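Chemist: could you work out the structure for the sequence below:
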Amino acid sequence: MINNRDLSWLTFNERVLQEAQDKSVPLMQRLRFLGIFSNNQDEFIKVRVANIVRLSKIRGKRQPRFSGGYTGKELLPLVNSGVYEAQKKFIETYGNILCEMEKHGIHVINERQLNRRQKQFCHEYFSTIVSPRLVPLILKKTTRMPFLQDNNIYHAIKMSSGKHCKNPRYAIIQIPVSSSCPRFIVLPSAKDRNDIIFLDDVIRLCLDEIFFMFNYKNISAYTFKLMRDAQLTLDDDISKSLIEKMEDGLQNRLHGQPVRLIYDREMPDDLLDIISSKLKLKNREGLDAGGRYHLMRDLMKFPKVKPALESKSPESLQHPDIKPFSSILKVINRKDILLNYPYHTFNHFIDFLREAAIDPKVESIYITLYRVAERSKVINTLINAAKNGKKVVVLMELLARFDEEQNVEYSELLQKEGIKVIHGANGLKVHSKVVLVKRKGKSYAYIGTGNFNESTAQIYCDFGLFTSNSQIVSDAEAVFDFLLSTHKHFSFKQLMISPYYMRDQFESLVKQEIKNAQNGKKAYIYAKFNSLTDEDMINLLYKASQAGVEIRLIVRGACCLQPQLKGLSENIRVISIVDKYLEHARMAVFHNNGDEKVYIMSADWMTRNLDRRVEVGTPILDKKIKNTLKGFFDIQWSDNEKARDLTTFGNNEYVEKGDNPPCRSQIVLYDFYKNMNKET
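Modeler: Numbers count the residues shown, from 1 in each chain. Reported below is the predicted structural model:
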């Protein structure tokens, strides 16, 4: 019994939507969860739905099967139905939140609801901020459609001389959302009231200022957005560098095949027909009627007009063993250090790099980068290290989806500063999170589960291990030797490395639990992933369950394993936690006949992670850190506030509290680490 990955992912995004519906969540955070939901849904359509559409066009026996045994033609209507139903819930939830916001004096108004003072403000704002950024495009039936990018929103404009006008004019305007021209504008408002307007509606108000040169009686604007296939294709021209191929591939993605047009359902048929025909969306295939506003991911950036209605997160903690203005390298020299973001501050990692950058005994720094912050302190520190005479080697993964352009730019910047930049192994995406600092007399390694990104580290839950253990450090060095010389294979003493060893090692650990259970010994597997979709690993877990191994899984996103099926998975329970922080850490605990083995890793149990990516996992050798991670898992497993029980596929029912005290794990974990600080 294997659940379909895409249908399972849709149920995950419904859990995000549940957070927007949960009245215990601060009101403005609920609005931001709607933005997260919308962003997730858009990426799903551009990547997964586009892939299903592409593969469903393959005919005959060659048509591939998706997880759960579906063909593309069978799966596509189920996925489209799920997307449609979720969007209906989104619209209803958004309306309810707007009503609640109004009770607190926050009003989202449109151009028809402005008072005189607000109209004057909007006209001045349009003239100074918006108008210089506009490029109106006139649509003619005889000319090609100007190129429209996805990730943008547009107004489709209709101008007519009357109700039965035979020759209306059509135009398109891109709504120029940016940091200096935000989607939401705070208006001058009465006391105890906050009026906010969409940029879309400011433009609607000022249409006459854009098209004054045309003769018309009626003019109207209807918002739409276009979603293109996000597949990135690199050509095989051996004369081009990988950077050149990436730049060409990114341009090709911008021109990817449109897969969906989402438009204001009030848009006149003639205007919709001319747009859809020019985009070659035949028979209105891929057209979705929506509301007045689109690209609602911008809700994540809604103005913070009432701090009391916002979610408050406590300040990240210092690790008890890392004192201010003291050497982190000296601490790691004595003992392993585990960080758990965002409960611990990411500044410890930045300080680790900064110290390595100026320590006279540090000779070289090696690091893998997948996603970094827009203004990255990590990048700046690496440049500083190079300027201080250190050898710096950066593995920059160019194929980090939707961050490719930024990674290309950072690659070029680092190379200009004399840093050696490599772009990974042929055919393998490098998703590992590893740092190696080579110092005279002693070297250090960092193995993590999340990106070296100080922005996301404030909201993503991840682990990072600092160690000077000679075997782990030696293995980390071998990882970089492999990345620099991809024709070589290395043996590893401690680290788990995919795509060559990790699958076999995990399978061996599961099989050992099966053997122990069959011999009447205690056996269990506790694991936490973002996604669990690899069919071989799932089938092995089913065998473990049948042998009597107790299996507890925490899976945030897609889960193709079906727990609690009689005769198959009775000993498996699965929960999913969605809360104010994004659960991103991966870990696994194996009972191992009492000598527990505990791991953290960058890999989920997905086929792509185990077979087609360079991933790194590390065993936890320090007993105190082992106990910390087991305590972490126990707290998350006890969550009965934000945990959903995945026993019934698609239901997303909250875990029953029973007689247990309330436990919201993300809050309890902060106190868990805070108490550890008090004990030292």
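Chemist: looks to me like Ile538 is in a helix.
Modeler: Yes. Judged by DSSP: H, G, I helix; E, B strand; the rest coil, Ile538 forms part of a helix.
Chemist: based on its surroundings, how many neighbours for it?
Modeler: For Ile538, the count of nearby residues is 21 (other C-beta atoms under 10 Å). C-beta here means a position set from N, CA and C on the backbone, and glycine is covered the same way.
Chemist: cool, and Asn151?
Modeler: Neighbour count for Asn151, taken as other C-beta under 10 Å: 16.
Chemist: so it: helix, strand or coil?
Modeler: coil.
Chemist: cool, Tyr170 as well?
Modeler: strand.
Chemist: where in the chain is pLDDT low?
Modeler: Filtered on pLDDT under 70, the chain yields the residue ranges 60-61, 230-257, 282-285, 400-403, 486-488, 680.
Chemist: going along the chain, name the helices of the stretch 501-650 of the chain.
Modeler: 502-518, 535-547, 607-611, 623-637 (DSSP state H, counting those that start in this stretch).
Chemist: buried ones in the strand ranked longest in the chain, by neighbour count?
Modeler: As assigned by DSSP state E, the longest strand anywhere in the chain is strand 218-228. By neighbour count, and taking 16 or more other C-beta atoms under 10 Å as the criterion, the buried residues in strand 218-228 are Ile219, Ser220, Ala221, Tyr222, Thr223, Phe224, Lys225, Leu226, Met227, Arg228.
Chemist: in its sheet, what does that strand sit against?
Modeler: Applying DSSP bridges to the sheet, strand 218-228 is found paired with strand 153-160 (antiparallel), strand 258-264 (antiparallel).
Chemist: among those, which is nearest Leu78?
Modeler: Between Leu78 and those, the tightest spacing by C-beta to C-beta is seen for strand 258-264, at 16.3 Å.
Chemist: can you list contacts of the closest one?
Modeler: 45-46, 49-50, 53, 156, 222-229, 272, 275-276, 279-281, 286-292, 294 (C-beta atoms under 8 Å, 6 or more residues apart in numbering).
Chemist: give me the nearest residue to Gly594, chain neighbours excluded.
Modeler: Ranked by C-beta to C-beta, 6 or more residues apart in numbering and with sequence neighbours excluded, the top spatial neighbour of Gly594 is Lys522, at 7.5 Å.
Chemist: Phe12 too?
Modeler: Gly557 (4.5 Å).
Chemist: what about Gln318, neighbour count?
Modeler: By other C-beta under 10 Å, 15 other residues sit near Gln318.
Chemist: dump the residue contacts of it.
Modeler: Listed by C-beta under 8 Å, 6+ apart, the contact partners of Gln318 are Pro324, His344, Thr345, His348, Asn677.
Chemist: so how many other residues sit close to Glu92?
Modeler: Glu92, neighbours per other C-beta under 10 Å, totals 11.
Chemist: so which bits of the helix or strand hosting it are buried?
Modeler: Assessed by DSSP states H and E, Glu92 sits inside helix 72-103. Buried residues in helix 72-103, counted by 16+ other C-beta under 10 Å: 72, 74-76, 78-80, 82-83, 86-87, 90, 93-94, 97, 101.
Chemist: give me the angle between it and strand 258-264.
Modeler: Helix 72-103 runs at 30 degrees relative to strand 258-264, counting by axes from the mean of the first three to the mean of the last three C-alpha atoms, to 10 degrees.
Chemist: state the distance from the nearest residue to Ser178 once chain neighbours are set aside to Met227.
Modeler: Closest residue to Ser178 apart from its sequence neighbours, by C-beta to C-beta, 6+ apart: Arg133 at 7.7 Å. Plainly put, Arg133 is 23 Å away from Met227 if you go by C-beta to C-beta, to the nearest Å.
Chemist: report the distance from whichever helix or strand Phe480 is part of to the chain centre.
Modeler: Applying DSSP H and E as the criterion places Phe480 in helix 470-484. Centroid displacement of helix 470-484 relative to its chain, using C-alpha atoms, centre = their mean, to the nearest Å, is 28 Å.
Chemist: the chain should start at 710 in everything you say after this.
Modeler: Sure, I'll start numbering at 710, so the last one becomes helix 1179-1193.
Chemist: so after it, what's the next helix or strand?
Modeler: Past helix 1179-1193, the next helix or strand by DSSP H and E is strand 1205-1207.
Chemist: follow-up on the earlier one: residues in contact with the residue nearest to Ser887?
Modeler: Per C-beta under 8 Å, 6+ apart, neighbours of Arg842: Pro885, Ser887, Cys890.
Chemist: got it, and Ser898?
Modeler: Gln827, Asp904.
Chemist: how about it, secondary structure?
Modeler: Under three-state DSSP, Ser898 comes out as coil.
Chemist: next, give phi and psi for it.
Modeler: Backbone torsions for Ser898, taken as degrees, to the nearest 10, come to phi -140, psi 160.
Chemist: same thing with Lys1351?
Modeler: phi -120, psi 0.
Chemist: my guess is it contacts Ser1285, does it?
Modeler: No. Contact criterion C-beta atoms under 8 Å: Lys1351 and Ser1285 do not qualify, at 9.3 Å.
Chemist: chain center to stretch 1187-1203: distance?
Modeler: On C-alpha atoms, centre = their mean, the centre of stretch 1187-1203 falls 29 Å from the chain's centre.
Chemist: distance of Leu719 relative to Asn1360?
Modeler: 13 Å.
Chemist: cool, Ala1154 as well?
Modeler: If you measure Ala1154 against Asn1360 using C-beta to C-beta, the figure is 43 Å.
Chemist: between the two, which one's more packed in?
Modeler: Ala1154 (26 against 11).
Chemist: give me the nearest residue to the more buried one, chain neighbours excluded.
Modeler: Once flanking residues are discounted, Ala1154 sits nearest to Ala1185: 4.1 Å by C-beta to C-beta, 6+ apart.
Chemist: about what we covered before: which of Lys1351 and Ser1285 has more neighbours?
Modeler: More crowded of Lys1351 and Ser1285, by other C-beta under 10 Å: Lys1351, with 26 against 22.
Chemist: returning to that earlier point: mind listing what the residue nearest to Ala1154 touches?
Modeler: Ala1185 sits next to Tyr1075, Val1143, Val1144, Leu1145, Ala1154, Ile1156, Leu1204 when contact means C-beta under 8 Å, 6+ apart.
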